[in-house]
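K.L.:
Everything below, folded, please.
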Amino acid sequence: MMGQKQLIVSTEPVKISKMQTILEFIGTAVSNESVDITSSITQKVSHINFSDCDFVKKGDVLVQLNVEKQKAFQKQAEINLKEQQRELTRLSSLKDKKIIAEKEYDIQNTKLQDAQAKLAEIEEEIKEGTIVAPFDGMLGIRKISVGSLLTPGTVITTIDDIKKIKIDFPVPEKYLSLINKDCKITATSIALPNKKFYGSVQAISPRISPISRSILVRGIIENDEYLLRPGMMLNVTIQMQDRNALLVPESSISNVGEKHFVFLLGGGNKVKQTEVEIGQRINGYVEIVNGVKAGDSVVTDGVVKISDGDTVQIIQKADNSSAVAGDS
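P.N.:
Residues are numbered from 1 along each chain as shown. Sure, this is the predicted structure:
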């Protein structure tokens, strides 16, 4: 329209800059290995060889059950086995001379096998009476006393391998393509200020939750000082490789509901309101994932005064491109 006063704005070109994708999640610490120490037989406790929260090695004896009765049965079974072996040897000689029938020899051979099986069963009961650590780890609180009658499944204590800690954390499905088993992770805890723990992604679940639309990822980190404990809440950071990104100043972004827009400068200094998809923010700039291309000019100052299709007058402002780290 003739005589209409033009709106004064500032513009800036869409630029390409090196950026790192940094993903942050909340996870839960999990023991590398964890089991309840239990008895597999019914018997009384005769000795306890550990204290609460001891560190133990694989094979260390934790509890000795009373197996004196089984040892007496073992001696009887050994005597019986030797007797059956002698009888089988005697019958073998008679069988070779055709003095006895083959069936009589087979019956004795069966008795010998029964004796061997009985002895093996008793020896296994004696072995089960000595309860040992299944792997290197830290024991939990002791839940039994000397004289306690244990039954199969009775929990004696717990053991956790925490020299390494697993971290389980949910990742929104939109990031699934960015995460793989080569990704390095950094974990921190509010309980341990300024302390960082390093590791990598160990596994990615094959299933996405239909409720949260997230996938469970498991990382593993070193815990040589045993500072982390199972159940702790951890902040997990995954830093991806550098990539080229399109950046515009934050001031150029206008929001309508959940949508984001910029004003692109066109021919004749007319502006066009364009919807964009945004990514990360860095040092006053916003990554544009979709909607603009490198070299496009976007309105930076005066956004609130203009509308789609307005003709504007451009004024230049001081170049602040150095504010973006890693510009190329």
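
K.L.:
Where does the prediction get shaky in this protein?
P.N.:
1-6, 241, 317-328 (pLDDT under 70).

K.L.:
domains for it, by residue range?
P.N.:
Domains of the chain are assigned by automatic domain parsing as 7-17+243-323, 22-33+161-242, 43-67+129-152, 68-128.

K.L.:
First-to-last residue distance for the longest one?
P.N.:
The one in question is domain 22-33+161-242. 10 Å (CA to CA, to the nearest Å).

K.L.:
just the third one next, same as before
P.N.:
Distance across domain 43-67+129-152, first residue to last, is 9 Å (CA to CA).

K.L.:
got it, and the last one?
P.N.:
Separation of the first and last residues of domain 68-128 by CA to CA is 13 Å.

K.L.:
Take the domains of the chain and write them to TSV, including mean neighbour count.
P.N.:
No exception for glycine: its C-beta is placed from N, CA and C like everyone else's. Shown next, in TSV, are those (neighbours: other CB atoms under 10 Å):
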stretch	mean neighbour count
domain 7-17+243-323	16
domain 22-33+161-242	15
domain 43-67+129-152	16
domain 68-128	14
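
K.L.:
Got the phi and psi for residue 178?
P.N.:
Main-chain dihedrals, residue 178, degrees, to the nearest 10: phi -90, psi -20.

K.L.:
List the residues that contact it.
P.N.:
21, 23, 240 (CB atoms under 8 Å, 6 or more residues apart in numbering).

K.L.:
The second one: helix or strand, and which one exactly?
P.N.:
Per DSSP states H and E: residue 23 is located in strand 15-38.

K.L.:
Which elements pack onto that strand?
P.N.:
strand 137-139, strand 155-172, strand 214-222, strand 233-249, strand 271-282 (3 or more CB pairs under 8 Å, 6 or more residues apart in numbering; DSSP states H and E).

K.L.:
Ok, which of these comes nearest residue 44?
P.N.:
Minimum separation from residue 44 across those (CB to CB) falls at strand 155-172, 13.0 Å.

K.L.:
helices or strands up against the closest one?
P.N.:
So strand 155-172, by 3+ CB pairs under 8 Å, 6+ apart, packs with strand 15-38, strand 61-65, strand 137-139, strand 192-208, strand 214-222, strand 233-249.

K.L.:
coming back round to it: for residue 145, find the nearest of the helices and strands packed on strand 15-38.
P.N.:
strand 155-172 (10.6 Å).

K.L.:
Let me have the helices and strands packed on strand 15-38 in JSON lines, extended by distance to residue 191.
P.N.:
Output for the helices and strands packed on strand 15-38, formatted as JSON lines (distance: least, CB to CB, whole Å):
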{"stretch": "strand 137-139", "distance to residue 191": "17"}
{"stretch": "strand 155-172", "distance to residue 191": "13"}
{"stretch": "strand 214-222", "distance to residue 191": "15"}
{"stretch": "strand 233-249", "distance to residue 191": "9"}
{"stretch": "strand 271-282", "distance to residue 191": "28"}
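
K.L.:
Residue 111: which of those is closest?
P.N.:
strand 155-172 (38.9 Å).

K.L.:
what's the angle from the closest one to strand 61-65?
P.N.:
140 degrees (axes from the mean of the first three to the mean of the last three CA atoms, to 10 degrees).

K.L.:
So residue 113 belongs to a helix, correct?
P.N.:
Yes: under DSSP: H, G, I helix; E, B strand; the rest coil, residue 113 sits within a helix.

K.L.:
follow-up on the earlier one: so for residue 128, which of the helices and strands packed on strand 155-172 sits nearest?
P.N.:
strand 61-65 (7.9 Å).

K.L.:
tell me what the very next helix or strand once past the closest one is packed against?
P.N.:
Proceeding C-terminally, strand 61-65 gives way to helix 68-96 as the next helix or strand, assigned by DSSP H and E. For helix 68-96, the elements it packs on are helix 102-128, judged by 3+ CB pairs under 8 Å, 6+ apart.

K.L.:
Next, the angle from the helix it packs on to helix 68-96.
P.N.:
Using the same axes, to 10 degrees: helix 102-128 against helix 68-96 is 160 degrees.

K.L.:
Direction included, what does the helix or strand just after helix 102-128 pair up with?
P.N.:
Following helix 102-128 in sequence order, the next helix or strand is strand 130-132 (DSSP H and E). Strand pairing for strand 130-132, using DSSP bridges, gives strand 61-65 (antiparallel).
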